[in-house]
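here is the input, now give the coordinates:
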Amino acid sequence: MGKRKITVKKQAAESIAQIAWFIESKGLLATAENFSDEAYNFLESLADERRTFMLCRNEERNMLGLKCVNYKKKFTVVFIEAENELIICEFLPSKILR
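Just a heads-up that it's a prediction; the model follows:
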């Protein structure tokens, strides 16, 4: 089983950090750390070469050829899928895309 290279853009990393900071501001330090760890582990799980993903339903992102996948039904990961690499562009709350 091969793995593709994963590149996380600055915007996506900042989004994950902002969400973790929000959780931490509510006094849930361990939960915030777990959230960011689980989010990055999920991004790593996308690297399996045997999987392919569908285009985003959002028209703007679809026209750009971006692919989307849901994370915990609350967040959407937007990325570019190439044969040897995944470039994670955005990590957004799913409500924003609707």
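
show me the contacts for Gly2.
Asp48, Glu49 (Cβ atoms under 8 Å, 6 or more residues apart in numbering). Where you see a C-beta, it was placed from the backbone N, CA and C, and this is true even at glycine.

tell me the pLDDT at it?
At Gly2, the predicted lDDT confidence score is 74.

so the residue nearest to Leu46 when sequence neighbours are not counted: helix, strand or coil?
In space, and not counting its chain neighbours, Leu46 is closest to Leu86: 5.8 Å by Cβ to Cβ, 6 or more residues apart in numbering. Assigned with DSSP: H, G, I helix; E, B strand; the rest coil, Leu86 falls in the strand class.

from memory Leu86 sits against Glu44, does it?
No. Using Cβ atoms under 8 Å as the test, Leu86 is too far from Glu44 to be in contact (9.8 Å).

centroid-nearest residue for this protein?
Val77 (3.1 Å; Cα atoms, centre = their mean).

each with direction, which strands does whatever helix or strand that residue lives in pair with?
According to DSSP states H and E, Val77 maps onto strand 75-81. Strands adjacent to strand 75-81 in the sheet, as given by DSSP bridges, are strand 67-71 (antiparallel), strand 85-93 (antiparallel).

from Leu55, how far out is the residue of the chain most remote from its centre?
When distances to the mean C-alpha position of the chain are computed (Cα atoms, centre = their mean), the maximum falls on Gly27, with 24.4 Å. Applying Cβ to Cβ, to the nearest Å, the value for Gly27 to Leu55 is 39 Å.

who's in contact with the lowest-mean-pLDDT helix or strand in the chain?
Least confident helix or strand, the chain: helix 94-97 with a mean of 77, by mean pLDDT, DSSP states H and E. With Cβ under 8 Å, 6+ apart as the test, helix 94-97 has contacts from Cys56, Arg57, Asn58, Arg61, Cys68, Asn70, Lys73, Lys74, Phe75, Thr76.

name the nearest of those residues relative to Glu14.
Distance to Glu14, by Cβ to Cβ, is smallest for Phe75 among those, at 14.0 Å.

what count of nearby residues applies to that closest one?
Using other Cβ atoms under 10 Å, Phe75 has 20 other residues around it.
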